[in-house]
Structure formats: structure tokens, C-alpha cells
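Q: how does the following fold in three dimensions:
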Amino acid sequence: MMTKSLLILFTLTGIALSSGWAQTIHVDPALAGKKTAYATRKLTETLTSLGRKPSVLNDANADIQVQKQSDIAAGGFAIINQGGRIAVGASDEQGALYGLLDLVQQLRFGGGLPGVRPKQEQPRMSFRAIKFNLPYMAYRTDASITQHDWTCRDPKFWEAFLDMMAENRFNVLSLWSLHPFHYMVKPKSFPEATQFNDFELGEWQNFWKSLFRMAHERGIETYLINWNTFVSPSFARAHNVGRYNERVSHFGNGDTTKITEQYTREIIRQVIDEYEDLDGLGITLGERMGGQSPDERRAWLDRTVFAGMRDAKRKIKFVYRAPLSADDKSGGTTSYENDQRTRKQAEGLDVTGPAYVEFKYNWSHGHSSPNLFMVHGGKLSDAYWNPRSDKLKAIWTVRNEDFFVLRWGQPDFIRQFIQNNGQEYVGGCFIGSEVFIPAKDYISQDGPHRNWQWHFQRNWLFYAVWGRLLYNPATPDAVFQQLLAERFGKQTGAPLLTAWKNASQVPLLFASYHRGNNDLSLYTEGFCQYQEFKEYKLFDVNNIINHPVLDTLRMINISQYLAAGERTVPGVLSPVQLADSLDRIASRTTQLVKGIRATKPASPLAVELADLEAWGWYARYFADKLRGGLALARFRRDHQPAQQQQAITYLEKAVTHWTNYTRSVGQYNQPSFLFHTAKPFSWTELLPQVEADVQIARSEK
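A: Residues are numbered from 1 along each chain as shown. Model (predicted):
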């Protein structure tokens with residue numbers, strides 16, 4: 001119906017396709033603004049690259065028309081094509097932005113204006129956010145963070161990052177810091193809180209305002225998400241309060257003195273008033289709130305952050321992160337009563353639109369199962385949406401602490417995630433990591449293969465599948481095939497997407513089998529956990545036998561399997577079936593990579609093929625570790641020497657797979673600080689721990 005209505009309007013304008021190589025564009029004045037100006041600029045650049053001579057006219061007879069169409073959903077668009085005459089319809093500027101960017105993409109894919117496909121789309125999730133950790137007053141202060149300081153002040157970086165977000169239809173940039181506000185304003189009552197002189201602060205203010213303005217041009221809102229009982233280090237020194245701020249230590253009790261409350265209230269108000277292009281704020285009831293009851297934490301928010309918001313000259317949007325603890329500790333607990341009390345406070349906020357209540361999907365490891373099993377602290381009750389409330393929308397944070405080096409792209413997982421977790425009360429998602437910053441690429445080796453500058457460009461497919469499917473889960477695989485073909489050659493799109501869909505199952509299967517909770521507990525691509533500022537500890541064969549499974553609907557671990565008499569249950573993968581599935585994935589990935597390599601692709605594609613190959617070796621390693629663990633567990637039960645020998649044989653094969661995995665990863669990457677550890681992460685340095693599994697099996701009596 002929408003497309004038919006647009007077609008009638010389009011036909012009535014009497015468009016005549018311009019002659020020669022010229023191409024004319026007209027934007028309905030009702031849709032004119034910064035967003036359509038940005039998208040029109042992208043369109044003219046694309047037409048110019050195709051040999052056209054585009055011009056923007058105030059003329060209803062232009063070749064490409066952007067038209068107001070009130071019956072299209074907010075943020076949606078429709079495209080029609082009559083013999084190369086194009087109309088883009090939208091009810092608002094956001095939809096016009098996406099319609100024009102879709103047209104740009106179709107032109108890049110080839111076929112010119114006559115080849116543009118009619119379509120109409122509308123957003124499935126209204127809140128499509130990237131979680132971006134700032135290196136300023138950062139959650140942690142190690143080398144993995146500090147090396148990004150200058151990159152994250154580079155306007156060229158942000159221009160490229162925001163372009164990527166707009167192209168993939170992300171519409172929220174959330175910037176996370178313990179306390180970013182003293183980088184933005186000099187508090188009127190507490191000028192000592194800002195360590196910068198007027199010139200330095202002016203440079204910072206220009207940076208923020210430019211960033212927020214660039215985001216708006218691309219249809220992207222900006223949010224600052226902070227932790228609460230933190231102040232600037234210079235304020236802490238000047239008033240001898242909260243001295244943990246000087247070393248940015250985030251665990252423990254927080255300072256709640258009157259002067260800290262006054263400072264927090266005033267700086268929140270001042271930031272809102274001085275940054276008119278800042279769209280939203282967010283808070284975290286967690287770190288540095290130890291020793292307070294949940295009610296005391298909420299009362300502190302009322303006296304500080306929420307009071308500052310009430311004092312400001314305008315309303316603002318807001319993300320209320322669900323409390324990380326239902327008791328006076330900071331480790332993570334949940335309760336129905338605490339959920340109810342938090343809901344009441346969130347519903348009472350005077351903010352623009354609904355308050356967004358945020359939950360960590362499967363805690364810190366969202367790239368695991370498409371089924372929800374826990375949030376930070378434990379099980380999630382239905383208190384926030386039963387009964388429904390127009391004042392609240394749930395937001396999932398789909399964290400990625402699981403692969404920073406190897407690339408990933410699995411659209412079917414995202415579609416299933418949305419189907420399972422996209423209820424009416426859900427507004428959308430944050431996508432991102434706790435600490436890792438996708439800015440400076442310090443992981444890649446230099447060489448002719450490297451045709452990108454920043455880290456997010458390495459993982460371009462990750463952002464493409466998440467952003468586009470959050471906007472429209474019906475986006476077909478053909479779109480991702482075309483994106484791959486555009487980068488790597490016409491014949492590569494279909495086999496490459498098949499390979500990525502296949503290989504990207506591997507980390508999902510491991511994080512579904514091995515239940516992680518906080519970010520330290522699991523690093524999937526390393527098959528290990530972090531020991532903060534110490535070493536990486538590999539999950540040994542005993543762990544694989546006994547550690548709890550996350551996805552209890554689809555898997556059981558080895559000890560459970562033996563306890564059940566090694567019976568299989570329909571729909572539930574036994575360790576044997578999981579190992580066989582991993583082998584099939586590895587074999588299929590190897591076959592696809594071999595076929596693509598036979599075409600002798602350019603060197604940039606060789607990097608992605610190495611990652612695909614690496615996931616294949618990882619799958620083989622995981623499979624034979626499962627088989628070795630099962631044989632070892634049987635030997636412990638039955639004491640049959642053949643079972644022990646079988647365990648040794650499988651675990652020796654696993655050592656070989658790990659060696660090959662290390663070689664694949666190391667082809668184009670270098671050991672890097674991926675997390676807050678004392679030295680860079682290295683798969684090679686984990687080899688002795690991999691080999692130790694063989695000794696565990698040999699030493700059994």
C-alpha cells in the first residue's frame with residue numbers, strides 16, 4: 001500500500017529522465033535537513049564515481065526524487081524505479097537518509113539507475129547502538145586502553161566510524177567512561193575539578209561538539225554512559241574525597257559526601273545545558289557503590305544525577321542500567337523485589353521518550369546462545385515489563401569479550417536472537433565490548449594485505465550484519481554477499497558468506513557450551529580466561545569435562561552425559577554430537593577456503609581466509625578436546641586402559657590442531673594487549689598449557 005501510494009505521487013510529478021550523463025536530484029523541502037544533505041552528498045559522490053554529472057535541483061522533475069510520504073513508518077523508506085526514474089519515499093528525515101544510503105549502495109553494486117531494485121523497509125528495533133569505551137577516565141587504565149588516546153581525538157577516525165554506523169543503520173553512539181564530564185565543562189562552583197586551562201578545555205569542547213554534530217548529520221544520537229560515584233581526580237585531591245578516583249579504581253565503597261553530591265548534581269546539569277546536541281545520558285548502579293543497599297543507591301541517584309537532570313534547561317533521553325547487584329555488594333545478584341523498586345524509579349523519570357532499562361544479555365558473553373539464560377548477577381525476572389508500561393523499554397547489551405582478533409559474521413544467529421528476544425517491550429541493543437576499543441589497529445601486521453587503517457575496519461562484516469539486521473531482520477543474505485563481492489571480487493560473495501556463516505558458528509558453540517559470566521571469566525578465541533594483570537589460563541581437559549553449560553536447552557557437558565548413561569536426548573547435543581558437528585564445520589570451512597584460494601584472490605582477501613582457516617582449526621581443537629575429555633572421564637569411571645590411550649591420542653591430536661590454529665592466527669597478526677594483563681596475549685605461549693592436557697591423561701592411575 002505504501003509503495004502504491006508513492007508510485008501514484010511519483011507518476012503525477014511527470015518526471016522525464018534527463019539526457020546525457022547528467023543526473024538530477026530533488027529533495028522535498030519537508031524532508032530537507034542535515035541528514036538528507038549528508039546522504040545527498042554521498043549520492044552525488046557515488047554518481048560522480050560512476051561517470052555521471054550529478055546536481056541537486058529545486059525541481060520536481062529531477063531524475064531522483066526524495067518525497068514526503070506520511071504512510072511510511074518512522075525511520076522507514078520505500079524506493080520505486082520506473083525505467084531508471086527513482087523515487088525515495090519517507091515520512092521523516094531519518095527514513096529519507098536510509099533510503100538515499102540504500103540507493104547509494106545499490107548503485108555501488110552495479111547496474112546504474114535502471115538496475116535499482118524497488119523495496120521498502122522499516123526499523124525492527126528503534127534503538128540500535130554501538131557501545132564505545134572512551135580512553136578518557138576509562139574503566140581500566142592499562143595499555144589496551146591508553147594506546148587509543150590520540151586516535152579517539154582524531155576527527156578523521158570519527159568521520160569514518162560514523163559513516164560506517166550510518167551505512168549499517170546504527171542510530172546511537174554510546175560513549176562509556178567512569179566520569180567524562182570534566183573533559184567537557186569547568187563546573188561553575190568547582191573550577192578546580194577540571195585540570196585543563198581555558199585553551200585546552202576549549203579544544204576538548206570543540207572536539208565533543210564536532211563529534212555530536214557529525215553524529216546528528218548521519219542520523220545518530222549520542223549518549224554518555226557513566227558510573228556514578230566517580231568524580232574528577234583533581235576534585236578528589238582538592239577536597240580529599242573519593243581518592244580512588246586518582247588511580248581510577250572501580251571496585252569497593254564509593255564516596256557519598258555532601259560535596260560530592262553537590263558536584264555531581266551541578267556537573268550533570270551543566271553538561272546538559274552546554275551541549276545541546278548531546279541526546280542522552282546513562283548510569284550504572286554498580287562499581288564504587290559497595291556497602292550501600294539497593295535503596296541507598298537509588299536515593300543517591302535521586303539526589304545527584306536525577307536532580308541535575310531536573311535542574312537542566314531541557315529534558316534528555318536516558319538509559320537506566322539495571323542494578324548489577326540486589327544486595328550491598330558489587331559482584332552481581334538479582335532479585336524480583338529489587339527489579340520492582342528499580343522499575344518504579346525509572347518510570348518516574350522526567351525524560352524524553354521512554355526510559356531505556358538495560359540488561360547484559362547472557363552477562364558478558366552475548367555471542368553465545370540465541371537463548372537468554374542470565375543477565376549480570378543471575379536470572380532476570382519479568383518485573384520490568386509485567387504489566388507492560390509505555391514509560392519503559394528494555395535494551396539488551398550484547399557484549400563481545402570473546403573475539404577481538406579473528407573476524408566474525410553470522411547473520412542467522414542475529415536473526416534468531418531477534419526472534420527470541422525482540423518482544424514488544426524490547427527497544428533494541430547495545431553492541432560492543434567492556435574494555436576493548438575498536439580504534440587504533442595495533443593487532444594487524446603491516447604489509448600489502450592491509451588496506452584499512454582502523455580496527456573497526458578489520459571487523460567490517462561484524463558491524464554490517466548486526467546493524468542491518470537490527471534495522472531489518474529480513475535483510476537477505478544477498479546483501480551481505482554483495483558487500484563481500486564489492487570488496488573481494490564478483491565471484492567471491494556467495495562462497496565467502498557461506499564460509500563466514502559456517503566458521504562463525506564455532507565461537508558461538510564454545511560460549512554456549514562453556515558458561516561464562518563476567519568479562520574475565522571467558523575469552524572464547526583464546527580458549528581461556530583472564531587472570532587480571534597476570535596470565536591467561538587455558539581451560540584444561542578437566543574444565544571441559546565438568547564446567548557448567550550455558551545453553552542448557554541445547555547442550556550437556558561430559559559429566560552430565562555420563563551421569564545420564566550416555567543417552568542422547570532429541571534436540572540436545574551430546575558431547576559426541578557436538579564434536580562431530582564441529583568437525584563438519586571445520587571440513588566445510590576448509591573446503592570453501594580451498595575453493596576461494598584457487599581463484600588466486602588479491603592479498604586483502606588472504607587475511608580473511610586466514611581467519612576462516614583459523615576458526616576451522618579451533619573447531620578441530622575443541623572437537624578432539626571433547627573426545628579426549630570423554631575418553632578420560634570414561635577411564636576414570638571404568639579403568640579400562642584402552643580408554644586412557646584413546647584420551648591420550650585425542651589430546652595429542654588437539655595439540656597439533658592448536659599448533660595449526662596458532663600458525664593461522666599469526667600469519668597477519670602480532671601479539672597484542674587485548675585486555676588488562678601484564679603482557680600481550682599470545683596463542684603460542686599457551687601451547688605448554690595445551691600440551692599439559694596430554695600429561696593429565698597420561699598421569700591417571
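Q: what helices or strands is whatever helix or strand Phe207 lives in leaning on?
A: Take DSSP states H and E as the rule and Phe207 turns out to sit in helix 198-217. Under the contact criterion of 3 or more C-beta pairs under 8 Å, 6 or more residues apart in numbering; DSSP states H and E, helix 198-217 touches helix 34-49, helix 155-167, strand 221-226. All C-beta atoms are positioned from the backbone trio N, CA, C, and that covers glycine.
Q: partners of the shortest one, with directions?
A: For strand 221-226, the paired strands and their directions (DSSP bridges) read strand 172-177 (parallel), strand 280-284 (parallel).
Q: what angle sits between it and helix 198-217?
A: For strand 221-226 against helix 198-217, the angle by axes from the mean of the first three to the mean of the last three C-alpha atoms, to 10 degrees is 130 degrees.
Q: with the second one instead?
A: Here the directions of helix 155-167 and helix 198-217 differ by 20 degrees (the same axes, to 10 degrees).
Q: what residues does helix 155-167 touch?
A: If you take C-beta atoms under 8 Å, 6 or more residues apart in numbering as the criterion, helix 155-167 is touched by 38, 97, 101, 105, 130, 151, 171, 173, 207, 210-211, 214-215, 218-220, 439, 453-454, 456-457, 460, 463, 467.
Q: distance from it to the middle of the chain?
A: Centre-to-centre, helix 155-167 and its host chain are 15 Å apart (C-alpha atoms, centre = their mean, to the nearest Å).
Q: check which residues of it are buried.
A: Phe157, Trp158, Ala160, Phe161, Leu162, Met164, Met165, Ala166, Glu167 (16 or more other C-beta atoms under 10 Å).
Q: return the most buried member of the strands paired with strand 221-226.
A: strand 172-177 (a mean of 23; mean count of other C-beta atoms under 10 Å).
Q: alpha carbons of it, as PDB, please.
A: The C-alpha trace of strand 172-177 is given here as PDB (Å, rounded to 0.1, in the frame of the first residue of the first chain):
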ATOM      1  CA  VAL A 172      23.000   5.500  18.700                       C
ATOM      2  CA  LEU A 173      26.700   6.100  19.600                       C
ATOM      3  CA  SER A 174      27.000   5.500  23.300                       C
ATOM      4  CA  LEU A 175      30.300   6.700  24.900                       C
ATOM      5  CA  TRP A 176      31.300   4.900  28.100                       C
ATOM      6  CA  SER A 177      33.500   6.400  30.800                       C
END
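Q: ok, residues contacting it?
A: For strand 172-177, contacts defined as C-beta under 8 Å, 6+ apart pick out 127-134, 136-139, 162, 165, 215, 220-226, 280, 282, 319, 428, 430.
Q: now do stretch 474-486
A: 108-109, 409, 411, 461, 464-465, 468-469, 491-494, 496-497, 500-501.
Q: buried ones only from the residues you listed, please, as a PyMOL command.
A: The following PyMOL line selects those of those that are buried, judged by 16+ other C-beta under 10 Å:
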select buried, resi 109+409+411+461+464+465+468+469+492+493+496+497+500+501
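Q: which of the contacts of stretch 474-486 fall in helices?
A: Among those, the members found in helices (DSSP state H) are 108-109, 411, 461, 464-465, 468-469, 493-494, 496-497, 500-501.
Q: out of these, who's nearest Pro448?
A: Within the ones in helices among the contacts of stretch 474-486, the smallest distance to Pro448 is 20.0 Å, found for Leu496 (C-beta to C-beta).
Q: beta partners for the residue most central in space within the chain?
A: In the chain, the C-alpha nearest the mean C-alpha coordinate belongs to Ile431, at 2.3 Å (C-alpha atoms, centre = their mean). Beta-bridge pairing of Ile431 under DSSP bridges involves Ile130, Val398.
Q: let me know the pLDDT of it.
A: On pLDDT, Ile431 comes in at 98.
Q: my guess is it contacts Met125, does it?
A: No: Ile431 lies out of contact with Met125 (C-beta atoms under 8 Å); the separation is 11.0 Å.
Q: re earlier: how about the helix holding Phe207: buried residues?
A: Judged by neighbour count using 16+ other C-beta under 10 Å, the buried positions of helix 198-217 are Leu201, Trp204, Gln205, Phe207, Trp208, Lys209, Leu211, Phe212, Met214, Ala215, His216, Glu217.
Q: now the phi/psi pair for Arg321, please.
A: phi -70, psi 130 (degrees, to the nearest 10).
Q: again, but for the one 4 residues further on
A: The main-chain torsion angles of Ser325 are listed as degrees, to the nearest 10 and equal phi -140, psi 140.
Q: what about it, neighbour count?
A: 24 (other C-beta atoms under 10 Å).
Q: can you map out the strands along the stretch 351-500 of the chain?
A: In the stretch 351-500 of the chain, the segments counted as strands under DSSP state E, counting those that start in this stretch are 355-360, 392-399, 426-432.
Q: got these as a markdown table, with distance to Gly76 columns?
A: Output for these, formatted as a markdown table (distance: least, C-beta to C-beta, whole Å):
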| stretch | distance to Gly76 |
| --- | --- |
| strand 355-360 | 21 |
| strand 392-399 | 19 |
| strand 426-432 | 15 |
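Q: with respect to Asp390, which of the buried residues of helix 155-167 is nearest?
A: Met165 (28.1 Å).
Q: residue ranges with poor pLDDT in the protein?
A: Low-confidence segments of the chain (pLDDT under 70): 1-22.
Q: ok so, going back, list the residues that contact the residue nearest to the centre of the chain.
A: Going by C-beta under 8 Å, 6+ apart, the list of residues near Ile431 reads Ala129, Ile130, Lys131, Phe170, Val398, Asn400, Tyr463, Trp466, Gly467.
Q: out of the residues you listed, who's the most crowded?
A: Counting neighbours by other C-beta under 10 Å, Ala129 leads these with 30 neighbours.
Q: isn't that residue up against Trp396?
A: No: counting by C-beta under 8 Å, Ala129 sits too far from Trp396 to count as a contact (10.2 Å).
Q: who touches both of these two?
A: By C-beta under 8 Å, 6+ apart, Ala129 and Trp396 have these common neighbours: Gly428, Cys429, Phe430.
Q: save those residues as a markdown table, and put in distance to Lys653 too.
A: Converted to a markdown table, the shared contacts of Ala129 and Trp396 look like this (distance: C-beta to C-beta, whole Å):
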| residue | distance to Lys653 |
| --- | --- |
| Gly428 | 44 |
| Cys429 | 39 |
| Phe430 | 40 |
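Q: would you tell me which helix is longest in the protein?
A: Max-length helix for the chain by DSSP H is helix 603-638.
Q: could I get the buried residue list for that helix?
A: Buried residues in helix 603-638, counted by 16+ other C-beta under 10 Å: 605-635.
Q: show me what contacts Arg620?
A: Contact analysis of Arg620 by C-beta under 8 Å, 6+ apart lists Leu582, Asp583, Ala586, His657, Asn660.
Q: I'd say Leu211 and Ile220 touch.
A: No: counting by C-beta under 8 Å, Leu211 does not reach Ile220; the two are 10.1 Å apart.
Q: thinking again about what came up before, of the shared contacts of Ala129 and Trp396, just say which sits nearest to Ala238.
A: So of the shared contacts of Ala129 and Trp396, ranked by how close each gets to Ala238 (C-beta to C-beta), first place is Phe430, at 34.4 Å.
Q: number of residues surrounding that closest one?
A: Counted with other C-beta under 10 Å, Phe430 comes out at 28.
Q: got it, and Met555?
A: When neighbours are counted by other C-beta under 10 Å, Met555 registers 21.
Q: beta partners for it?
A: In this structure, Met555 bridges to Leu573 when assessed by DSSP bridges.
Q: got a list of what it touches?
A: Ser512, Tyr513, Val549, Val572, Leu573, Leu578.
Q: which one of the residues you listed is nearest Gln419?
A: Nearest to Gln419 among those is Ser512, at 16.7 Å by C-beta to C-beta.
Q: what's the closest non-adjacent residue to Ala238?
A: Glu192 (4.5 Å; C-beta to C-beta, 6 or more residues apart in numbering).
Q: from Ile259, how far out is that neighbour?
A: Applying C-beta to C-beta, to the nearest Å, the value for Glu192 to Ile259 is 12 Å.
Q: with that, I have no additional questions.
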